[in-house]
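# could you work out the structure for the sequence below:
(chains A and B)
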Amino acid sequence: MPLRVDGAEITLAEAGRLALPELFAEWFAAQGWQPRRHQLELLGLASRGLSTLLIAPTGGGKTLAGFLPSLVELTEARDHDQNARVGPHTLYISPLKALAVDVARNLERPVSEMKLPITLETRTGDTSASKRARQRLKPPDILMTTPEQLALLLALPDASRLFKGLRAIVLDELHAIVASKRGVLLSLGLARLARLAPEARRVGLSATVADPDGLRAWLMPQTPEQPVLAELIMGDAGANANISILASQERVPWAGHSARYAMPEIYKAICEAKMTLVFVNTRSQAEMIFQDLWTINELNLPIALHHGSLDVSQRRKVEAAMASGQLRAVVCTSTLDLGIDWGEVDLVINVGAPKGASRLMQRIGRASHRLDDPSRALLVPANRFEVLECQAAQGAAAEGQQDSEPPVGGKLDVLAQHVLGSACGEPFDATVLFEEVRSAYPYRGLTRDNFDSVLSFVATGGYALKSYDRYAKLRQLPDGRWRLAHPKIGQQYRLNVGTIVEAAMLKVKLVSARGLGDRRLVGRGGKILGEVEEWFVEQLAPGDTFVFASQVLRFEGLDDLDALVTRAYKEDPKIPSYNGGKFPLSTYLAERVREILSKPDGWRSLPDQVRDWLGVQDYKSLVPTAAEMLVETFPRGARWYLVCYPFEGRLAHQTLGMLLTRRLERLRARPLGFVANEYALAVWGTRDLSLMISSGKLSLDFLFDEDMLGDDLDSWLAESNLMKRTFRTCAIIAGLIERRHPGKEKTGRQVTFSSDLIYDVLREHEPTHVLLRAAWDDAATGLLDIRRLGDMLKRVKGRLTYRALDAVSPLAVPVMLEIGRERIYGEAHEALFAEAAESLIDEAMQINSSVH
DNA sequence: GACCTGCTGCGGTATG
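As a prediction, this is how the structure comes out:
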């Protein structure tokens, strides 16, 4: 893209000389670099005090671009009141502590090489208390920190003094942060900064996203009238990624997610590359694949493991080994999605469903540092449906389509935390705070009513909890402003700041043991290997074995918050299981999968086995077009099954399943249970569903009508454990329940217990409590995916295609195989037989049976 | 005997 100055086209080098002070231009030249276009553009906008969103792929000097204007300003003392300034000139916010440290280290080089008169420091939870205290008195020019630390800094009594001189705020990995409650908290911090330092410009650094305007608005203080957008700079796109799908010689499984069939082929790809990242979707799968690779690792390649449940020290070791080029492969989860570029990765393997085009592109981007090198990636589908999903993702990548998550909207529990934090500094005026909060993009639509109920919750606990002293956190001064009820509450706030709420975890401690049975003596001291979720350990009996931290361990017993284990040499261990989040199949990829299905001409590019599968489906039942939804009924054993294919992801299907069974119950169809996967939903019962439909007793249009969302959702949800879990998170974030208290850590069980208790009290006495509403909002957008379900029901209205079949169809096999594998709603007490896979597949693929 | 799903991230301060 040519650059123009006063109408004349100029080269980048010339532009660099124009915009960059000589000192900087020389330094660039000494590196053998030319300033990139986006770096110069950002300099230009920053010099006019404009806030900017910079979207660029990794490896393009994006971070340096973000800091360049600050370095120049600080060097040239364009900043007039520099001597008067007490606080930092530039604030850098990263979602990862390690990234803040890494960026600081990278920035120190130009600063020291050019001998710039600039101080820069990091401040995270790892920073020593003494350094933090010193930083308050004498802050650096550039402070690099996390969203949580910003909240803490803003809660200091001298926050306004500290930030008055702030000139720039750099927000790294913005696309990732806005999609979480951490981003919501950060947006409130930014709104405060906008009041303390109205002149500070913002720089957002982001990967490519689906909707840049959403991020541009997120960056800016909003006014009620119309959205205010930051400037936008698009960095040059990198070379297109070279993505292939594993063409396996093996049989691709009908269901399951292990991808074990492909292990030799994955190993071969690792052997042929210099350095490979193997991304998987879950921690337990990372453990499993790592084990499998080791057993076939004939060449003894150095292969490592990296996921979020491993101890930090273990992870740092792997990272260091990677950076110094000692490893040939790392099996990892999304821990390595973001941040630092570790080493010279030249191949990315993604095992299992990609789930989303943007997520996949982010991962693949890890495979090239240099902009002009195409990244190489290999997708390994774990089952037949995933072949379709991989192809959808491959197509999306080729077209540069994005499906990144939009910013999370204003949450009431996060607001409650912020309101409390606001009172920690100086007393605040409610109306001033309300206006400030509304200038944060996620809260632009917040009503005064909602704000007031949050404020009253923080002040008193709300109507139902008013009589308990401990929930009264604010007092009103005679002039109407609000202050903390007690200084102790400020300390409580600081200890519990942040929006990350973890499941109850136990540390896994490797100890020594002697003897057998009752005489077994187990040591108490040992090395911490990492953490597993409490509920998993609760299922273990002493003597059980499981794989963790890439070794087989024997569970010995509990010691307070530790699970004691010893080394074991048994075969068939249990795999540790974590109850983590679930990434749903993105709507965008779902659409593409439906497109692929609906165009038989394109099936040629699919592997033979997958093509045959779809071919038989087409012959025996039907392969739906992109717009319609296929519903099939068929008998099997003593039951009748109804299978539908919305392709909307497991979460939405679970909710649909729950609602459908309730509706079928009312229609006297006697449903017994349902099971869902990412693509389909199966419901079954004892009555002849085909007959009910053909005789008009059961109308599919009625069954799938959108009004079902109003049906029983509320009553069902209120009773469910899911809602209690969600409430626990909101209650912790809002400060109703403390996770940490001076002097004592709470166990997960204690927290859960008090949370359940409060939940029941509120449900009975104050069903409209802010936190119940917050929890409902989270459940609706998260675990239940109600919006998506609603959109789907709208989409398929009047477009249901129905087939009454004699027997199971090929497309139904994967979801049918899920039966017996998981706990089934509605049929908890009935013993379920798992479907015998072979007979099910034979029946589905038989083509001489009669067809309706 | 084959089969097994479910991510990541942060976190205090004043005083002795």
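
# up against DNA strand B, what does the stretch 601-750 of chain A have?
A:650, A:677-678, A:739-740, A:742 (CB under 7 Å from any atom of the strand). All C-beta atoms are positioned from the backbone trio N, CA, C, and that covers glycine.

# most neighbours, which of those residues?
residue A:678 (26 neighbours; other CB atoms under 10 Å).

# contacting residues for that residue?
A:353, A:385, A:389, A:584-585, A:647, A:649-650, A:653 (CB atoms under 8 Å, 6 or more residues apart in numbering).

# ok, 10 Å please
Contact analysis of residue A:678 by CB atoms under 10 Å, 6 or more residues apart in numbering lists A:257, A:353, A:355, A:383, A:385-386, A:389, A:582, A:584-585, A:589-590, A:593, A:647-653, A:814-815.

# which helix or strand contains residue A:290?
Per DSSP states H and E: residue A:290 is located in helix A:283-295.

# now that helix: mean pLDDT?
If you average the pLDDT over helix A:283-295, you get 91.

# give the other helices and strands that that helix contacts.
Judged by 3 or more CB pairs under 10 Å, 6 or more residues apart in numbering; DSSP states H and E, helix A:283-295 is in contact with helix A:263-272, strand A:276-279, strand A:303-306, strand A:329-332, strand A:347-351, strand A:527-533, strand A:545-548, strand A:551-559.

# which parts of the stretch 51-200 of chain A are strands?
Per DSSP state E, counting those that start in this stretch, the stretch 51-200 of chain A carries strands over the ranges A:52-55, A:90-93, A:120-123, A:142-145, A:168-171.

# same list (the ones you listed) but as TSV, adding distance to residue A:842.
Shown next, in TSV, are those (distance: least, CB to CB, whole Å):
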stretch	distance to residue A:842
strand A:52-55	52
strand A:90-93	58
strand A:120-123	62
strand A:142-145	61
strand A:168-171	56
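
# and those strands as JSON lines, adding distance to DNA strand B and mean pLDDT?
Output for the strands of the stretch 51-200 of chain A, formatted as JSON lines (distance: least, CB to the nearest atom of the strand, whole Å; pLDDT from 0 to 100):
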{"stretch": "strand A:52-55", "distance to DNA strand B": "20", "mean pLDDT": "96"}
{"stretch": "strand A:90-93", "distance to DNA strand B": "10", "mean pLDDT": "97"}
{"stretch": "strand A:120-123", "distance to DNA strand B": "7", "mean pLDDT": "95"}
{"stretch": "strand A:142-145", "distance to DNA strand B": "7", "mean pLDDT": "96"}
{"stretch": "strand A:168-171", "distance to DNA strand B": "14", "mean pLDDT": "98"}
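
# okay if I get these as TSV plus mean neighbour count?
Converted to TSV, those look like this (neighbours: other CB atoms under 10 Å):
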stretch	mean neighbour count
strand A:52-55	25
strand A:90-93	26
strand A:120-123	23
strand A:142-145	26
strand A:168-171	26
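
# minimum distance to residue A:232: which of those has it?
Among these, strand A:52-55 comes nearest to residue A:232, with 5.3 Å by CB to CB.

# just the CA coordinates of that closest one, formatted as PDB?
Taking Å, rounded to 0.1, in the frame of the first residue of the first chain, the C-alpha atoms of strand A:52-55 are listed here in PDB:
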ATOM      1  CA  THR A  52      -6.600   3.500  17.700                       C
ATOM      2  CA  LEU A  53      -7.300  -0.200  17.200                       C
ATOM      3  CA  LEU A  54      -4.400  -2.000  15.400                       C
ATOM      4  CA  ILE A  55      -5.400  -5.300  13.900                       C
END
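
# tell me the helices and strands packed up against it.
helix A:37-47, helix A:62-76, helix A:174-177, strand A:201-206, helix A:212-219, strand A:231-234.

# dump those to JSON lines, plus mean neighbour count.
As requested, the helices and strands packed on strand A:52-55 are exported to JSON lines (neighbours: other CB under 10 Å):
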{"stretch": "helix A:37-47", "mean neighbour count": "21"}
{"stretch": "helix A:62-76", "mean neighbour count": "22"}
{"stretch": "helix A:174-177", "mean neighbour count": "25"}
{"stretch": "strand A:201-206", "mean neighbour count": "25"}
{"stretch": "helix A:212-219", "mean neighbour count": "21"}
{"stretch": "strand A:231-234", "mean neighbour count": "18"}
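
# identify whichever of the ones you listed lies nearest to residue A:27.
Closest among those, once you apply CB to CB, is helix A:62-76, at 10.1 Å.

# from the chain's centroid, how far away is that closest one?
Relative to its chain's centre, helix A:62-76 lies at 31 Å (CA atoms, centre = their mean, to the nearest Å).

# need the CA coordinates for that helix. CSV is fine.
C-alpha atoms of helix A:62-76 as CSV (Å, rounded to 0.1, in the frame of the first residue of the first chain):
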residue,chain,number,x,y,z
LYS,A,62,2.5,-5.1,16.5
THR,A,63,3.6,-4.6,20.1
LEU,A,64,6.5,-2.3,19.2
ALA,A,65,4.0,-0.3,17.1
GLY,A,66,1.9,0.1,20.2
PHE,A,67,4.7,1.5,22.2
LEU,A,68,6.6,3.5,19.6
PRO,A,69,4.5,6.7,20.1
SER,A,70,5.1,6.6,23.8
LEU,A,71,8.8,6.0,23.4
VAL,A,72,9.0,9.0,21.1
GLU,A,73,6.9,11.2,23.3
LEU,A,74,8.9,10.4,26.4
THR,A,75,12.1,10.9,24.6
GLU,A,76,11.2,14.2,22.9
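
# report the inter-axis angle for it versus strand A:201-206.
Between helix A:62-76 and strand A:201-206, the angle comes out at 160 degrees (axes from the mean of the first three to the mean of the last three CA atoms, to 10 degrees).

# assign the closest residue to residue A:444 other than its chain neighbours to helix, strand or coil.
Leaving aside its chain neighbours, residue A:444 sits nearest to residue A:222 (4.6 Å; criterion: CB to CB, 6 or more residues apart in numbering). Under DSSP: H, G, I helix; E, B strand; the rest coil, residue A:222 falls in the coil class.

# so residue A:222 touches residue A:438, yeah?
Yes. Counting by CB atoms under 10 Å, residue A:438 is a contact partner of residue A:222 at 7.4 Å.

# how about the CA coordinates for the strand or helix carrying residue A:417, as CSV?
Taking DSSP H and E as the definition, residue A:417 sits inside helix A:412-424. C-alpha atoms of helix A:412-424 as CSV (Å, rounded to 0.1, in the frame of the first residue of the first chain):
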residue,chain,number,x,y,z
LEU,A,412,-24.2,-7.0,37.2
ASP,A,413,-21.9,-9.1,39.4
VAL,A,414,-18.8,-7.5,37.9
LEU,A,415,-20.4,-4.1,38.4
ALA,A,416,-21.0,-4.9,42.0
GLN,A,417,-17.3,-5.7,42.4
HIS,A,418,-16.4,-2.4,40.8
VAL,A,419,-18.8,-0.4,42.9
LEU,A,420,-17.2,-1.8,46.0
GLY,A,421,-13.7,-1.0,44.6
SER,A,422,-14.9,2.5,43.9
ALA,A,423,-15.6,3.1,47.5
CYS,A,424,-12.1,1.9,48.5
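
# what's the spacing between it and its chain's center?
23 Å.

# what of stretch A:393-410?
Worked out by CA atoms, centre = their mean, stretch A:393-410 lies 14 Å from the chain centre.

# same question for stretch A:321-334.
22 Å.

# now residue A:382: closest residue in space that isn't a chain neighbour?
Residue A:382's closest residue in space is residue A:259 (CB to CB, 6+ apart), at 4.0 Å.

# if I look at residue A:319, how far off is residue A:305?
12 Å (CB to CB, to the nearest Å).

# cool, residue A:248 as well?
Residue A:248 is 24 Å from residue A:305, by CB to CB.

# so for these two, which sits in the more crowded spot?
Applying other CB under 10 Å to residue A:248 and residue A:305 shows that residue A:305 carries more neighbours, namely 24 against 17.

# OK, contacts around that one?
So residue A:305 contacts A:278, A:283, A:286-287, A:289-291, A:293-294, A:314-315, A:318, A:329-333, A:549-550 (CB under 10 Å, 6+ apart).

# ok, of these, which come out buried?
A:278, A:283, A:286-287, A:289-291, A:293, A:314-315, A:318, A:329-333, A:549-550 (16 or more other CB atoms under 10 Å).
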